[in-house]
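next come a sequence and a model predicted from it.
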Amino acid sequence: MDLEPFAYDVWHDRAVFHSSHVVRYDAKSLHQEFGVRFCLLDSCKEMHNTPFGTDQQFLYCLCRIE
């Protein structure tokens, strides 16, 4: 997913959810955490190989406030 520079108003870092409760989200369940004003436009997953040699999945969601 390509975003134009300055095309977004809010950026949420996963660390906020990582330290508050341990849940594996899919796009739908993560979107529900933000509430009904956010419309899920797109999502994608990325696999990251950590320095420890393990795979870590990242989930990105693109939402619009309505």
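Thanks, I have the structure now. Numbering: from 1, shown residues only.

only C-alpha atoms from now on, for both contacts and neighbour counts.
Will do.

contact partners of stretch 47-64?
Stretch 47-64 is contacted from outside by 26-27, 31, 38-46, using CA atoms under 8 Å, 6 or more residues apart in numbering.

show me these that map onto helices.
Among those, the ones falling in helices (DSSP state H) are 27, 31.

is the residue sitting nearest the centre point of the chain bridged to anything, and to what?
Centroid check for the chain by CA atoms, centre = their mean gives Tyr60 as the closest residue, at 3.5 Å. Bridge pairing for Tyr60 (DSSP bridges) gives the partners Cys44.

ok, now how distant is it from Lys28?
Applying CA to CA, to the nearest Å, the value for Tyr60 to Lys28 is 11 Å.

now do the SS call for Val23.
Three-state call for Val23 (DSSP: H, G, I helix; E, B strand; the rest coil): coil.

okay, now the unreliable bits of the chain?
Within the chain, the ranges that satisfy pLDDT under 70 run 1, 8, 10-20.

mind listing the strands for this structure?
Along the chain, counting by DSSP state E, strands occupy 38-49, 55-65.

determine how far stretch 55-66 lies from the middle of the whole chain.
Put simply, stretch 55-66 sits 2 Å off its chain's centre (CA atoms, centre = their mean, to the nearest Å).

alpha carbons only: can I get that stretch in CSV?
The C-alpha trace of stretch 55-66 is given here as CSV (Å, rounded to 0.1, in the frame of the first residue of the first chain):
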residue,chain,number,x,y,z
ASP,A,55,9.4,-14.4,12.0
GLN,A,56,7.3,-11.6,13.3
GLN,A,57,4.0,-10.7,11.6
PHE,A,58,3.1,-7.0,11.2
LEU,A,59,-0.5,-5.9,10.3
TYR,A,60,-1.1,-2.5,8.7
CYS,A,61,-4.6,-1.0,8.5
LEU,A,62,-5.5,2.1,6.5
CYS,A,63,-8.7,3.7,8.0
ARG,A,64,-10.6,6.9,7.3
ILE,A,65,-12.5,8.8,10.0
GLU,A,66,-16.1,9.4,8.9
